[in-house]
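> Here's my sequence, what's the structure:
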Amino acid sequence: MAKRRGLRSCNDAKAWKCRACGTINRPTKHLFFKLPAFHCTNSDCGKKFCGSFKFCLGEINAQEKKVVGEVHDQGEQPLCVAFAYSKAVEIMERVFSILEGKDPDLVQCIDPFELHKKFEDKFPEVLSINCLTRDYGLHRVLHTALILRSEGITKEKSGNRYVARDVSTIPRDDFETICQNLAEGIPMVATYIPGKRRSLLRYCQIYKSPRSKSGEKQLHAQIGHAVVLIGAGMKRGRVFFYFLNSWGEKFCPRKNNQGEIVTGGIGKLREDDLTKNVVRLSPPGETGVTRRLDDQFELEISDPNYLLMMATRNQYSEMMMMKLRQKNLQEFRKDGLDDHLFRDDEALFDLCVGIQGHKELEQAVS
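The predicted model follows:
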């Protein structure tokens, strides 16, 4: 009898034995991958998993088709946010198409240029040439997601309309929850700081965002970039994510012995280098999401949405315990604005150098 084929991967996590109590911790099964138990399942132990595993939707083929589809290329245009959301939507619809037994290549993409224009038309005051003093990168990431939920976007060829069922966030330091969503085939939009050597990232390398001489991330002095998270991993307790870029297949290429590009467009990124919480678009049929972003039609970000976009798990819990006292929230926002420009513009990168460095958000709620 032929081996049964299904939605399984050679990267499925294995069971691990707790060195503290001897418990065998079996992996949890998800749509595309099995994940390790992140803590010992013995209620009297709870020791944290510090082994190794990895998985990436970009390595999965279904019906001999790529789950993530083709790699997009935004070229020299500052459209990474629109391209990231466009690709996240496409991947989700390809996954849904595969589950229905349909050809994922028949999925129609949404137009990133139209999505970008919708934001520009709605907030014409956000200009690329004069947004160095405001965190318009955060505004762009938030409002573009809300536009997908409130207005939707037309697909490029069919003319059909895509409307996000809902939009929420996951704290960037909640590695387990992010992994669970990715293993279910749900991509998410994330942001990080790409340095001048970003295009030199090689296959299997984990990218490290640039740091200032003092050792702190100089977030104000860098230009932000939006990508799509499509996988994750851990190597001896140190965690990282796989991200799908929008710089074409020549970014971080994997080559064969003849020097030909086999795959490209996918890189690795440290968890610590995520600058905002990841944004999650709800898949078809999902209801009752947690950490739902509120509707808002003005540019200025509301306090609840700011916390959902920026606060880590510990910060969010602490702010909730303080019942959002206005003084603490104002201090959190003042120190937390990171003024990222979501552009791929080396000239603007050079202009940014010298701006005061970013204070760690933990100091704002201590």
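> Only C-alpha atoms, please: export stretch 81-91 in CSV.
Written as CSV, here are the backbone C-alpha positions of stretch 81-91 (Å, rounded to 0.1, in the frame of the first residue of the first chain):
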residue,chain,number,x,y,z
VAL,A,81,3.2,47.8,4.1
ALA,A,82,0.8,47.4,1.3
PHE,A,83,2.8,44.6,-0.3
ALA,A,84,3.0,42.8,3.1
TYR,A,85,-0.8,42.9,3.6
SER,A,86,-1.4,41.9,0.0
LYS,A,87,0.8,38.9,0.4
ALA,A,88,-0.7,37.9,3.8
VAL,A,89,-4.2,37.9,2.2
GLU,A,90,-3.0,35.9,-0.7
ILE,A,91,-1.4,33.2,1.4
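> Got phi/psi on Ala183?
Main-chain dihedrals, Ala183, degrees, to the nearest 10: phi -70, psi -20.
> these two touch, right, it and Pro36?
No - look at Ala183 against Pro36 with C-beta atoms under 8 Å: they stay out of range, at 10.8 Å. Every residue, glycine included, has its C-beta placed from N, CA and C.
> And the two? Which one has more around it.
Neighbour count, other C-beta atoms under 10 Å: between Ala183 and Pro36, Ala183 has more, with 24 against 21.
> Tell me the confidence at that one?
Per-residue pLDDT puts Ala183 at 96.
> Distance check, it against Cys45.
Going from Ala183 to Cys45 by C-beta to C-beta, to the nearest Å gives 24 Å.
> Please apply the same query to Arg140.
Relative to Cys45, Arg140 is positioned 44 Å away (C-beta to C-beta).
> neighbour-wise, which of these two wins?
Arg140 (26 against 14).
> Unless I misread the structure, that one falls within a helix.
Yes - assessed with DSSP: H, G, I helix; E, B strand; the rest coil, Arg140 lies in a helix.
> just checking, it touches Glu120?
No - under the criterion of C-beta under 8 Å, Arg140 is not in contact with Glu120, lying 9.9 Å apart.
> got the residue ranges for the helices in the stretch 1-150 of the chain?
Ranges of helices in the stretch 1-150 of the chain, per DSSP state H, counting those that start in this stretch, are 80-99, 112-122, 136-150.
> Just the buried residues of the first one, please?
Applying a neighbour-count criterion of 16 or more other C-beta atoms under 10 Å, the buried positions in helix 80-99 are 80-98.
> helices and strands around it, which ones?
Contact here means 3 or more C-beta pairs under 8 Å, 6 or more residues apart in numbering; DSSP states H and E; on that basis helix 80-99 packs against helix 112-122, helix 136-150, strand 188-192, strand 225-235, strand 278-281.
> Indicate each strand paired with the next helix or strand after the second one and its parallel or antiparallel sense.
This points to helix 136-150. Sequence order places strand 153-154 as the next helix or strand after helix 136-150, per DSSP states H and E. According to DSSP bridges, strand 153-154 has the following sheet partners: strand 161-162 (antiparallel).
> From the rest of the structure, what touches the partner strand?
Contacts to strand 161-162, defined as C-beta atoms under 8 Å, 6 or more residues apart in numbering, come from residues 89, 93, 110, 148, 152-155.
> Among the residues you listed, which one sits closest to Gln330?
The nearest member of these to Gln330, counting by C-beta to C-beta, is Leu148 at 29.6 Å.
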